[in-house]
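A.B. asks: pasting the sequence and the predicted coordinates here, then a few questions.
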Amino acid sequence: MTTLTWSDQLALHQPQMDATHEEFVALLAQAEAALGSDEAELLAHFDALLAHTTLHFSQEDRWMAATGFAPENCHTQQHQAVLAVVSECAKRARQDHDFEPLRIAVEELATWFPQHALSMDAGLAQHLAEIGFDPLTGKAEIVIADAAPLSGCGPSARAA
Ligand SMILES: [Fe+2]
Ligand SMILES: [Fe+2]
């Protein structure tokens, strides 16, 4: 298994997003380290990762909703799909004491995250920079009037 570690290669130069992503990588590493621990400890780490990921995705979804993305854009849809799988893994572990899906999810998230960050999140970070969006105020310097809603797919926010 390859441990995902934070590096400049993952940085998107959007401070709030990078801070959240660095936290995600750290929580994922803790969950991965707990794969050899008892099930209660592993589940606690996975729950912490799930709680953080819920906030992580909702933060990005909020920024997209505030800056012209269509509600059903594919970046948000991918967040929903990943969150549904991760939530189901936690539920299976908690209710059925079946930890196999959770163990697989920890490994898969380490593969999925760099791909997501360097495509969809990178596109969002670029879009936010281009319009001068301030996550603290939720306001942009540039408002694009009459533009088609953004799809959120691919490295460019405007890619189909
Ligand atoms: Fe992200
Ligand atoms: Fe994202």
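C.D. replies: The structure has been received and is ready for your questions. Ligands and ions are numbered 1, 2, ... in the order given.
A.B. asks: when you work out contacts or count neighbours from here on, use the C-alpha atoms and nothing else.
C.D. replies: OK.
A.B. asks: grab the nearest non-local neighbour of the residue nearest the centre of the chain.
C.D. replies: Nearest to the geometric centre of the chain sits Phe57, at 5.0 Å (Cα atoms, centre = their mean). Excluding the flanking residues, the one nearest Phe57 by Cα to Cα, 6 or more residues apart in numbering is His79, at 6.1 Å.
A.B. asks: rewinding a little: my read: the residue nearest to the centre of the chain touches Ala81, true?
C.D. replies: No. With contacts counted by Cα atoms under 8 Å, Phe57 stays clear of Ala81, the gap being 11.1 Å.
A.B. asks: looking at this, the residue nearest to Phe57 is in a helix?
C.D. replies: Yes. Counting by DSSP: H, G, I helix; E, B strand; the rest coil, His79 is found in a helix.
A.B. asks: what are the boundaries of the strands in the protein?
C.D. replies: Shown for the chain, no strands are assigned by DSSP state E.
A.B. asks: residues near Gln95, how many?
C.D. replies: Neighbours of Gln95 under the rule other Cα atoms under 10 Å: 8.
A.B. asks: look up how far Ala11 lies from it.
C.D. replies: 37 Å (Cα to Cα, to the nearest Å).
A.B. asks: tell me the contacts of Arg92?
C.D. replies: The contact partners of Arg92, by Cα atoms under 8 Å, 6 or more residues apart in numbering, come to Asp98, Phe99, Pro101.
A.B. asks: need the contact list for the last one.
C.D. replies: Contact criterion Cα under 8 Å, 6+ apart gives Cys89, Arg92, Ala93 as the residues in contact with Pro101.
A.B. asks: before I go, just wanted to say thanks for your time.
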